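[1] Need coordinates for the following:
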Amino acid sequence: MTLYERLILFDDLQPVDLILVMAGRMERKRYGFDLFHARLAPRLVLSVGRFEVSKMRWLDLPGFQDLVQLRDRTPPDERHFFMSFDSFGVRIQKAKLARWNTYGEALAFRKLISQEQARTVMVISTDVHLRRVALTFRRVCRDMPVQFVHCPVPSELSSVTKHSWWTRSRDRRFVLKEAVKLIGYKVILLMPDWVVRRLMLLKNDFVG
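    Next comes the predicted model:
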């Protein structure tokens, strides 16, 4: 339980300029859309990985068919997308990740945030992923006037739960992998920028 607590991070819900939802588990996107409908932000951005597109149909979100069409005409190694929702509708674009990992996603988000001129940004992910996410955004966006708020998917909606996590093989793998990656990120992100980029953009699961 102590290990789990050291990985999680959460801030109080509050109005922000933009909600960002990290790629991965579907419950992250569902929760992000719930907060968007609750008017906590005027804009929502979902990060959608290549293997998530087909699963998005179960969320019944506007723009799904457009997302499928964009996926089908995009080369497999470029299939990562940002779906943006606001009062004007839905916009879908290629994310152009330098690497499919948390660091690569943060780099792509940085460009998006600068274009939107957002000053307060809520980042949503699984609770045990958020401390590493926060560490990465703090480094990648350290020269930007942006305040980040970190909000985990509530336990009742999450596929990973703190209670007796060590008794479930799937949760055990996820939590232990996050612990190892957090240590790796802490070490690497202390290095000079050129070293960080070289290490983080390697094709290595250690920094996924």
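[2] CA only for contacts and neighbour counts going forward, please
    OK.
[3] For burial, what's the neighbour tally of E105?
    Burial measure for E105: 22 neighbouring residues, criterion other C-alpha atoms under 10 Å.
[4] what helix or strand is R131 on?
    helix 130-140 (DSSP states H and E).
[5] R43: what's it in contact with?
    By C-alpha atoms under 8 Å, 6 or more residues apart in numbering, the residues touching R43 are 17-19, 36, 84-87.
[6] and with 7 Å instead?
    17-19, 85-86 (C-alpha atoms under 7 Å, 6 or more residues apart in numbering).
[7] PyMOL command to pick out the buried ones of those?
    Listed next is the PyMOL selection for buried residues among those, using 16 or more other C-alpha atoms under 10 Å:
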select buried, resi 17+18+19+85
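[8] export the contacts of R43 to TSV and tack on pLDDT, distance to R132 and secondary structure?
    Listed next are the contacts of R43 as TSV, based on pLDDT from 0 to 100; distance: C-alpha to C-alpha, whole Å; DSSP: H, G, I helix; E, B strand; the rest coil:
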residue	pLDDT	distance to R132	secondary structure
D17	96	22	coil
L18	96	20	strand
I19	97	18	strand
F85	95	26	strand
D86	94	28	strand
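[9] Would you reformat the contacts of R43 as JSON lines and include distance to D66?
    Output for these, formatted as JSON lines (distance: C-alpha to C-alpha, whole Å):
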{"residue": "D17", "distance to D66": "25"}
{"residue": "L18", "distance to D66": "22"}
{"residue": "I19", "distance to D66": "21"}
{"residue": "F85", "distance to D66": "13"}
{"residue": "D86", "distance to D66": "16"}
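[10] The helix holding R131 - contacts with which helices or strands?
    helix 102-116 (3 or more C-alpha pairs under 7 Å, 6 or more residues apart in numbering; DSSP states H and E).
[11] Report the mean per-residue pLDDT for the helix or strand just after the helix it packs on.
    Where DSSP H and E defines the elements, the next helix or strand beyond helix 102-116 is strand 120-125. Across strand 120-125, the average pLDDT comes to 96.
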